[in-house]
Each structure stands twice: as structure tokens, then as C-alpha cells.
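> 3D, please:
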Amino acid sequence: MCELILLIFVFVVSSGLLVGESVSTCKCLDRIILLHNIGDFRIISSPNYPEPYCSGMNCNWHVVAPSNKFQIQFSADNLDLRKNMDDILFYDHSKPELLVNRTDNYRCTGDDLCHYTSHFQYLTIRFKTSNMEDIKNFGFQAVVTTRDLNGGKIRKRI
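A predicted model of the protein is given here:
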């Protein structure tokens, strides 16, 4: 048992990685976010936030509302992107599908507020940055939540 612990310790020390440390702040994976109930929310942010983000990024969050009776609402009040170079793009879906040859429904760039409400149960949010270097902007942090299609009113069955 002591040999195993020593072996793990040697590996961690020799690789230079700490537990919980990511390999690169300039990479991102496609993420699936399941929102289970009305009012359920998640906080998403650009990689490395609040430090400057990297060039050449293409990050996707695939958000799913509980049913087709819900919309997805995105809200970022602290946007700091390079205007017309880096974007947050939104793709609405009525069913799960790939983004191949899809046109975005909406986009945000620069340092304005960014708010978007989907029309359907599925929403893909893409953070795409230009390959040009020298980024001093910190990106974004946003809240993604569900909203009832009836304008937030919950109907009770009689």
C-alpha cells in the first residue's frame, strides 16, 4: 500500500500536475447541460475566466430544458470580448441535432450586455474566438436557466 501511494506521489510530482489542475486553459470540450426543473440554472464562463481567454477557441455548451414546454434563457451582464473578432453564438433546436451547416440565431460580441431566450427546448451556445493573438479581454460569465413557454407562469391542472 505504501508503495502505491509513493508511486502516485512520484507521478504527480514528476508530471508537474496538481490534483484538480487542468492540462490547458486554452482548450475546451463540448459540454452538455441538463436543466431539470423550472428555475434550475447553471453558471457557464469562457475558459480561464476571469483571466484573459485564448485565441482560436471553439467551445460549445449544449443546453437541454426539461421538456418542450420550456425555453432556455442566457444572461451575461459582464461581457468583455474583442468586438467583431470573438463571439458568443446561439443555435436554437426543436430536437437534438448537430451544428453542421447551421446558421446562428443570434450572436453577442464586444462589451455590451448579452441576453438570449431560446424558442425551443434545445439550445447550443458557442464561444468562438479569432486566431489573432494578444488578447487582454477576460471573456464572460453567464447564467443559463429555464423559463416556462407561458411567460413564466406555471399552470395548475384542475
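> quick one: the strands in this structure?
Using DSSP state E, the strands found in the chain span residues 31-34, 41-45, 58-64, 70-76, 87-93, 106-108, 114-117, 122-128, 141-148.
> would you turn those into CSV with mean neighbour count, distance to residue 51 and mean pLDDT?
The way it works is simple: take the backbone N, C-alpha and C, and place the C-beta from them, glycine included. Output for these, formatted as CSV (neighbours: other Cβ atoms under 10 Å; distance: least, Cβ to Cβ, whole Å; pLDDT from 0 to 100):
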stretch, mean neighbour count, distance to residue 51, mean pLDDT
strand 31-34, 13, 19, 96
strand 41-45, 14, 11, 97
strand 58-64, 18, 15, 96
strand 70-76, 21, 17, 96
strand 87-93, 21, 18, 94
strand 106-108, 17, 20, 95
strand 114-117, 18, 19, 97
strand 122-128, 21, 15, 96
strand 141-148, 20, 12, 95
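> who wins for proximity to residue 135 among these?
In terms of Cβ to Cβ, the element of those nearest to residue 135 is strand 122-128, at 12.7 Å.
> who does that closest one touch, helix- and strand-wise?
Identification of packing neighbours for strand 122-128 by 3 or more Cβ pairs under 8 Å, 6 or more residues apart in numbering; DSSP states H and E yields strand 58-64, strand 70-76, strand 87-93.
> Who does the last one pair with, and is each partner parallel or antiparallel?
Sheet pairing here is set by DSSP bridges, and for strand 87-93 it gives strand 106-108 (antiparallel), strand 122-128 (antiparallel).
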